[in-house]
Each structure stands twice: as structure tokens, then as C-alpha cells.
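Asks: Give me a model of this one.
(one chain, ligands or ions: 3)
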Amino acid sequence: MTRVHAQKTTGHLTMQTALSPSINAESCKLEAIRPATIPERFVRDMTERPTLATALQPPDTVPIIDFSRLVKGNKDEYKSEMLQLTRACEEWGFFQVINHGIDLSLLESIEKVARDFFVLPLEEKQKYPMLPGTVQGYGQAFVFSEDQKLDWCNMFALGLEPHFIRVPKLWPAKPLKFSETVEVYSGEVRKLCQHLLEYIAMTLNLRTDFFEEMFGVAVQAIRMNYYPPCARPDLVLGLSPHSDGSALTVLQQGKGGSVGLQILKDNKWMPIQPVPNAFVINIGDTLEVLTNGKYKSVEHRAVTHKEKDRLSIVTFYAPSYEMELGPIPELVDENNPCKYRTYNHGEYSKHYVTSKLQGKKTLEFAKVESKKPT
Ligand SMILES: COC(=O)C(/C=C/C1=C(C)CCCC1(C)C)=C/O[C@H]1C=C(C)C(=O)O1
Ligand SMILES: O=C(O)CCC(=O)C(=O)O
Ligand SMILES: [Fe+2]
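Replies: Ligands and ions are numbered 1, 2, ... in the order given. This next block holds a predicted model:
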């Protein structure tokens with residue numbers, strides 16, 4: 001597996017790959033990528049290149065949910081926000097949440113420690129390597145062969161909850177406040193996920209605590225994605241198209257970064273315009289299975305920018321690995337026959353993290369008709 005690293009140059013970070021014994025050093029070793037020289041490993045086939053984005057025109061934008069109206073709005077505000085949430089889950093699979101109640105200073109702090117981490121010298125970051133076949137640490141996940149194209153992105157990921165998924169030696173000593181900030185931030189985002197799932201349960205006419213009960217001690221992970229500027233954004237992808245394996249994903253877009261997140265809507269790539277201080281929420285594969293496809297995980301990707309860098313901080317929230325999951329019986333009937341089998345979430349997680357990011361391919365694992373991939 002090749003891992004891609006960043007090195008500080010003139011204010012931004014540029015791409016650099018570290019050597020892994022299994023990879024052809026000549027083709028992958030980059031001290032720093034100079035303008036207009038994009039190594040072959042990053043150059044996408046014509047069909048994958050990010051040229052097809054269509055700007056969303058209001059009212060055709062990802063719904064914005066005012067969380068405070070759900071929690072403490074009057075009856076009318078609550079009702080209209082619940083309708084928006086239902087529409088978001090049914091038609092978009094993505095929405096932005098404003099007035100979520102998480103301290104804005106915490107959003108700034110997590111962004112600061114993430115940036116401070118990515119600007120550290122390569123040697124420092126390499127103390128926390130994402131080893132082949134794993135998804136925690138610094139590097140690039142989901143790379144399994146030398147032929148696979150690389151994303152224009154450096155990642156740092158940590159498993160958080162339950163504690164047994166933690167790998168303490170991967171928690172960085174620098175910046176000093178990194179671990180403390182991740183702990184506090186993750187605690188707040190966990191509560192947000194729990195609350196969102198309560199409202200989502202209500203949109204499905206399920207008990208408010210339905211998901212809380214079904215999930216057991218939920219798995220939570222954080223991933224920080226850093227996208228350096230790229231001289232040829234038309235040739236590369238920041239992050240390959242994929243759907244998330246989680247139940248819910250909570251994404252914070254760094255301030256002042258480029259517009260990079262795109263979702264596949266009606267077969268067109270559409271950019272998500274950042275809304276200040278909002279979280280972007282998306283339905284993951286697990287909710288698609290549980291709702292028997294009523295709420296779908298949506299394919300998304302990240303693109304790069306010629307001058308601007310971009311940071312995203314992503315939280316994955318999913319059921320306990322012990323859980324056996326399948327469509328919720330109340331959501332299966334003759335009009336919506338059972339589309340997914342029952343499986344163990346731990347097995348699905350393993351399948352997810354050992355497959356390359358390729359649209360919604362990993363969900364085939366759960367489909368009734370398809371054969372289980374080998
Ligand atoms: C694009 O998705 C991911 O990178 C990802 C990985 C999450 C994880 C870690 C970074 C650390 C260990 C746990 C975990 C696998 C959750 C997505 O997470 C989704 C995928 C599944 C399956 C899931 O449960 O969350
Ligand atoms: O950076 C982004 O906007 C997308 C990140 C993402 O989709 C992911 O980490 O799963
Ligand atoms: Fe994602």
C-alpha cells in the first residue's frame with residue numbers, strides 16, 4: 001500500500017508519497033509535486049475526471065435543517081423542520097445542520113489541531129503510520145494495488161468508541177492539544193448523532209430510542225482529510241466516489257477552504273456549498289439497509305482546487321460490531337419487499353475497510369440478490 005504524505009512548502013501543504021516496501025519506488029516517490037507535473041498514479045481515466053459538476057440552483061440545494069427548531073421550536077416550527085428532515089432523508093441522503101448546539105469554539109479548535117497536525121514535518125506524521133490493511137493513522141486508506149489511482153488527499157484517522165477499537169500509539173503527541181480536543185469534540189458529535197437518530201426514527205414512525213437500542217454501544221471514528229491545492233484539478237480526485245459504511249456521517253468543512261464535496265444527484269455531480277458553522281450529515285449504507293432502501297446512502301467524492309487547500313473532519317457513527325443487522329420489519333411490505341439480507345455489522349465493517357472506494361459497490365455485500373463477494 002502506498003501512503004501519501006504532505007510536506008509544508010509555501011503556506012500550503014503539497015503532496016508527497018512515502019515509500020512502502022511493496023510499492024515501486026520510482027513511480028511513487030515524490031519529494032513534492034511541482035506545478036503542472038501530476039504523477040501518473042494520480043491522473044484519472046477520462047471517465048473519472050471531475051469535469052461534470054453542475055452548480056445547484058435554489059431551491060434545488062441540499063436541505064438545511066435548523067436543529068434548534070427540532071429541539072425547542074414551537075409546534076409549527078417543529079413540524080416544518082421534521083418535514084424538511086424527512087424530505088432530506090428520502091430525496092437527498094444529505095443535509096446540512098445549522099444551530100446544532102455544539103460550541104463554535106470547539107469547531108474552531110478541532111480545525112486548528114487538524115491543520116497543525118497536517119503541517120508537521122513528514123517525519124513527525126510518519127510516527128503514526130496507517131499500516132497496510134488498516135484504516136487508522138496517517139496515510140491513505142483503501143489502497144490495495146499498484147494499479148489503483150491515488151486520491152489527492154492525506155488522511156489521519158482514529159477509531160474512538162468503543163475504547164477497544166482505539167490504537168493508543170496512533171494518537172499524536174503533537175500538536176499538544178490534539179488528543180484532548182478530539183475527545184471533547186467527539187463526545188459532542190456523538191450526542192448530536194444520537195439526537196439526529198432520534199428524529200430520524202420519528203420520521204420513520206419508529207420509537208425515538210429505536211436506533212439507540214438497536215445499535216448497542218455505537219462505533220465511532222474520526223477522519224481528517226487534507227486536500228492540498230492541485231495544479232491540475234481537472235485530472236485528479238481529492239477522494240474517490242464512495243458511499244459511507246456508517247449509519248450516519250457528520251462532516252465539518254474547514255473554514256476558507258475550496259468547495260470540494262460533491263454528491264451524485266440524478267446522475268450528475270453536484271457541489272455542496274459550505275454553510276458557515278454547519279455540519280454536513282449523510283445517510284450511510286447501514287441506514288440504507290435498516291430502512292430497506294427508503295433512505296439511501298448517496299455516492300459522493302471530493303475534488304481539488306488550483307490555489308486553495310481544503311480540510312474536512314469526518315465522524316463515522318455506526319452500530320456495535322456485534323449487532324446482526326437487516327431491514328427493520330416495519331419497513332418491509334409487499335410494496336417494498338426485502339432488499340437486504342441480515343448480516344453481522346462487524347463482518348460488514350471488515351468488508352468495507354478491506355475494499356477500495358468504488359461508488360456503492362461495498363453495499364452489494366448486503367443485497368439479497370447478489371452473491372457475497374469473495
Ligand atoms: C470512508 O470511510 C471510512 O474511512 C470509515 C472508517 C471507519 C473506521 C475507522 C477510521 C477506524 C476503525 C473503525 C471504523 C471502521 C469505523 C468508515 O466507517 C464506516 C464504515 C463502516 C463499516 C462503519 O462502521 O463505519
Ligand atoms: O472531504 C469531504 O468533503 C468528503 C469526505 C468523505 O466523504 C469521507 O471522508 O468519507
Ligand atoms: Fe464519505
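Asks: where does the stretch 151-300 of the chain come near ligand 1, residue by residue?
Replies: Within reach of ligand 1 by Cβ under 6 Å from any ligand atom, the stretch 151-300 of the chain has these residues: 157, 159, 165, 219, 221, 223, 244-246. For glycine as for every other residue, the C-beta is placed from the backbone atoms N, C-alpha and C.
Asks: any idea of the mean pLDDT for stretch 245-262?
Replies: Across stretch 245-262, the average pLDDT comes to 94.
Asks: And residue 48, how close does it get to residue 317?
Replies: 29 Å (Cβ to Cβ, to the nearest Å).
Asks: Pick out whichever of the two has more residues nearby.
Replies: Ranked by neighbour count (other Cβ atoms under 10 Å), residue 48 and residue 317 place residue 317 first, with 29 against 15.
Asks: ok, that one - contacts?
Replies: By Cβ atoms under 8 Å, 6 or more residues apart in numbering, the contact set of residue 317 is 189-190, 193, 218-220, 246-250.
Asks: for residue 124, same thing?
Replies: residue 174 are the contacts of residue 124 under Cβ under 8 Å, 6+ apart.
Asks: Confirm that it sits in a helix.
Replies: Yes. Residue 124 sits within a helix when classified using DSSP: H, G, I helix; E, B strand; the rest coil.
Asks: now it: how far from ligand 2?
Replies: Residue 124 sits 23 Å away from ligand 2, taking Cβ to the nearest ligand atom, to the nearest Å as the criterion.
Asks: Same question for residue 228.
Replies: For residue 228, the distance to ligand 2 (Cβ to the nearest ligand atom) stands at 13 Å.
Asks: Test my guess that that residue contacts residue 309.
Replies: Yes. If you go by Cβ atoms under 8 Å, residue 228 and residue 309 touch, sitting 5.4 Å apart.
Asks: so residue 344 touches residue 320, yeah?
Replies: No. Using Cβ under 8 Å, residue 344 makes no contact with residue 320, being 10.4 Å away.
Asks: Just the buried ones from the residues of the stretch 151-300 of the chain next to ligand 1?
Replies: Neighbour-count burial (16 or more other Cβ atoms under 10 Å) applied to those gives 157, 159, 219, 221, 223, 244-246.
Asks: Break down the stretch 201-350 of the chain into its strands, ranges please.
Replies: Under the criterion DSSP state E, counting those that start in this stretch, strands of the stretch 201-350 of the chain are mapped to 219-227, 239-242, 248-253, 261-265, 268-271, 279-283, 300-302, 310-318, 324-325, 343-344.
Asks: As a markdown table, those strands with distance to residue 134 would be great.
Replies: Listed next are those as a markdown table, based on distance: least, Cβ to Cβ, whole Å:
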| stretch | distance to residue 134 |
| --- | --- |
| strand 219-227 | 12 |
| strand 239-242 | 18 |
| strand 248-253 | 20 |
| strand 261-265 | 25 |
| strand 268-271 | 30 |
| strand 279-283 | 24 |
| strand 300-302 | 21 |
| strand 310-318 | 15 |
| strand 324-325 | 23 |
| strand 343-344 | 20 |
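Asks: Next to ligand 2, which bits of this protein? Give me the list.
Replies: Counting by Cβ under 6 Å from any ligand atom, the chain sits next to ligand 2 at 223, 225, 239, 244, 251, 260-261, 300, 302, 312, 314.
Asks: Which one of those sits in the busiest neighbourhood?
Replies: Comparing the residues of the chain next to ligand 2 by number of neighbours (other Cβ under 10 Å), residue 260 comes first, having 27 neighbours.
Asks: I'd guessed that one sits against residue 311; true?
Replies: No. No contact is recorded between residue 260 and residue 311 when judged using Cβ under 8 Å, the distance being 9.6 Å.
Asks: Can you work out which residues contact both of the two?
Replies: 227, 253.
Asks: The helix or strand hosting residue 199 versus strand 279-283: what angle between them?
Replies: Residue 199 belongs to helix 178-203 when assigned by DSSP states H and E. Orientation check (axes from the mean of the first three to the mean of the last three Cα atoms, to 10 degrees): helix 178-203 against strand 279-283 gives 50 degrees.
Asks: how much space between residue 160 and residue 351?
Replies: 21 Å.
Asks: meant to ask about residue 182, not that
Replies: For residue 182 relative to residue 351 (Cβ to Cβ), the value is 27 Å.
Asks: These two: who's more crowded?
Replies: residue 182 (21 against 18).
Asks: mind listing what that one touches?
Replies: Applying Cβ under 8 Å, 6+ apart to residue 182 gives the contacts 110, 113, 158, 160, 171, 222.
Asks: Now the fifth one. Nearest residue, chain neighbours left out?
Replies: It stands for residue 171. residue 179 (5.1 Å; Cβ to Cβ, 6 or more residues apart in numbering).
Asks: can you count the residues close to that neighbour?
Replies: 15.
Asks: Surely it and residue 168 touch.
Replies: No. Counting by Cβ under 8 Å, residue 179 does not reach residue 168; the two are 9.6 Å apart.
Asks: quick one on the thing from earlier: quick check: which of the strands of the stretch 201-350 of the chain is nearest to residue 100?
Replies: Taking Cβ to Cβ, strand 279-283 is the member of these nearest to residue 100, at 5.9 Å.
Asks: strand partners of the closest one, parallel vs antiparallel please.
Replies: Strand pairing for strand 279-283, determined by DSSP bridges: strand 94-98 (antiparallel), strand 248-253 (antiparallel).
Asks: and residue 95, bridged to which residues?
Replies: Beta-bridge partners recorded for residue 95 (DSSP bridges): residue 281.
Asks: For residue 171, give me its contacts.
Replies: 128, 158, 178-179, 182.
Asks: which of the residues you listed sit farthest apart?
Replies: 128 and 182 (12.9 Å).
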